[in-house]
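Student: need a structure here:
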Amino acid sequence: MKHTLTLITALLLAPLAALHAETVSPSEPAKTNVFVAGQDGVSTYRIPAMIISPSGALLVFCEARKKVITDASPTDMVLKRSLDGGRTWLPLQVLVRGEGPDALMNPVALTDRTTGTVFLLCRKTNLRTHGAHHRHLLLSSRDNGQTWSAPADIGGKIGAYDETFVPGPGCGIQTKSGRLVIPGYTCPEKLDAKNETGFRSRVIYSDDGGKNWRMGKPVDNHTNESQVVELADGRLMLNMRQGTGQSCRAVAISKDGGESWGSITWDRVLNECPCQASILRHSSVDKDGRSLILFANPDNAGALFGAVERTKMTVRISYDEAQTWPVKKLIHVGPSSYSGLVRFPNGDAGVIFEGGEKHRREWIRFMRLPLAWLGDGKESPH
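Tutor: Residues are numbered from 1 along each chain as shown. So this is what the prediction gives:
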């Protein structure tokens, strides 16, 4: 009987041991293509946004461009969920359908840790009216992404509203004070899309759990797609795309929670194609005993959009509040583009990114990256 109990105990513990071994292994991470062009009758999937819900479910949102690859073509806003850390994925959920030529674009996801509510902000673009006509739709889920509220047009609930606001894309954050912050950009001046001028990065923020929002002031230079991270001292850092010839990421600091921003500086280490990028606080000294901030983008430098191919998706680590980036890891050498990052409770990082073997729109891929594999301060950049 004793031997039987010992065998049963060993069998019960074996899956837990295997799980532990998998999450800490420094071996090459597994790769899962979450969205694949052509699946579910969709031409192209683009613009991923990813978060982990309060229950631990992994949520990946993106644009389902139904007919063609083009921006602002007929597009649905869709979601896939994983309940096992990214190993398997539940069927596609259509959150908002684009009617006719309508496009649901630029997802930004965030969680209110006070209420456990998951929010998704996206932009509805309607080109049937005179010129581009935009609406900002906010959805919420209180059951970790299983069901969602009807999309609410929140334009009237955004103080100093600018209809040209483009969310993210990517994720928002909740600060230590409880403020919800969604980064993005507007077009407040004459636009030169080819040279990416006329855009200015900024954020919207809410201090009442997402009921009402206010638009912060724009930064002082030409920038567009942005992501935000809270620094250890409570300041916010905006990390921004720009195509004005610097060939690197733009950075600005806010001392008032995103209401205004100091002058832009250039992070010469973070190459810019230009392309969207993602940034995430992985750990902090007060909670984890050390500071880690992660950053991901195609590791190529090019002054203008299209001058350099988007390839070499790379994840970097900073240990000094994004001042330096001593560790970087190449995760896909081929075509790659937009991305998102999460941290799992055990310390693993997760990255979602667009890419392919021949072109960068073949799939949206998820990889779970053990910190030991990513570097953990023990590897030199390569």
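Student: surely residue 350 meets residue 365?
Tutor: No: using CB atoms under 8 Å, residue 350 is not in contact with residue 365; the gap is 11.2 Å. Quick note: C-beta positions are derived from backbone N, CA and C, even for glycine.
Student: For stretch 86-96, give me every contacting residue.
Tutor: Where contact means CB atoms under 8 Å, 6 or more residues apart in numbering, the residues beyond stretch 86-96 that reach it are 30, 32, 34, 40, 58, 61, 64, 76-83, 104, 120, 122, 124, 137, 139, 145, 148, 151, 350, 366, 368.
Student: One more pass at 6 Å, please.
Tutor: The list of residues contacting stretch 86-96 from outside it, by CB atoms under 6 Å, 6 or more residues apart in numbering, reads 34, 40, 58, 76-82, 104, 148, 151, 366, 368.
Student: Give me the PyMOL select line for those residues, limited to the buried ones.
Tutor: In PyMOL, a selection of the buried entries from those looks like this (16 or more other CB atoms under 10 Å):
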select buried, resi 34+58+76+77+78+79+80+81+82+104+148+151+366+368
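Student: Out of the contacts of stretch 86-96, name the ones that lie in strands.
Tutor: Among those, DSSP state E puts 34, 58, 76, 77, 78, 79, 80, 81, 82, 104, 366, 368 in strands.
Student: residues contacting the fourth one?
Tutor: With contact set as CB under 6 Å, 6+ apart, residue 77 has these partners: 95, 96, 104, 122.
Student: correct me, but the last one touches residue 103?
Tutor: No: applying CB atoms under 6 Å as the test, residue 122 and residue 103 come out as separate, 9.7 Å apart.
Student: Look at these two and report which has more neighbours.
Tutor: Each of residue 122 and residue 103 had its neighbours counted (other CB atoms under 10 Å), and the higher figure belongs to residue 122 (29 against 24).
Student: residues touching residue 332, list them.
Tutor: Under the criterion of CB under 6 Å, 6+ apart, the contact list for residue 332 reads 313, 355.
Student: now with 8 Å?
Tutor: Applying CB under 8 Å, 6+ apart, one finds that residue 332 lies in contact with 312, 313, 353, 355, 365.
Student: Can you classify it as helix, strand or coil?
Tutor: strand (DSSP: H, G, I helix; E, B strand; the rest coil).
Student: do you know how far it is from residue 367?
Tutor: Applying CB to CB, to the nearest Å, one obtains 8 Å for the distance of residue 332 from residue 367.
Student: Now tell me what touches stretch 133-150 from outside.
Tutor: By CB under 8 Å, 6+ apart, stretch 133-150 touches 53-55, 57, 59, 79, 81, 93, 95-96, 104, 115-127, 151-155, 158, 163-165, 167, 210.
Student: export it as PDB, just CAs?
Tutor: Backbone C-alpha positions of stretch 133-150 (Å, rounded to 0.1, in the frame of the first residue of the first chain) are rendered in PDB as follows:
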ATOM      1  CA  HIS A 133     -14.500  60.300 -39.800                       C
ATOM      2  CA  HIS A 134     -13.300  58.700 -36.600                       C
ATOM      3  CA  ARG A 135     -15.000  57.400 -33.400                       C
ATOM      4  CA  HIS A 136     -13.300  56.000 -30.300                       C
ATOM      5  CA  LEU A 137     -15.000  52.900 -28.900                       C
ATOM      6  CA  LEU A 138     -14.400  51.500 -25.400                       C
ATOM      7  CA  LEU A 139     -15.300  48.000 -24.500                       C
ATOM      8  CA  SER A 140     -15.000  46.300 -21.100                       C
ATOM      9  CA  SER A 141     -15.000  42.800 -19.700                       C
ATOM     10  CA  ARG A 142     -15.400  41.700 -16.100                       C
ATOM     11  CA  ASP A 143     -14.900  38.000 -16.700                       C
ATOM     12  CA  ASN A 144     -11.300  38.000 -18.100                       C
ATOM     13  CA  GLY A 145     -12.300  38.400 -21.700                       C
ATOM     14  CA  GLN A 146     -15.000  35.800 -22.100                       C
ATOM     15  CA  THR A 147     -17.800  38.300 -22.600                       C
ATOM     16  CA  TRP A 148     -17.700  42.100 -23.400                       C
ATOM     17  CA  SER A 149     -19.900  45.100 -23.100                       C
ATOM     18  CA  ALA A 150     -21.300  46.700 -26.200                       C
END
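Student: I am finished for the moment; much appreciated.
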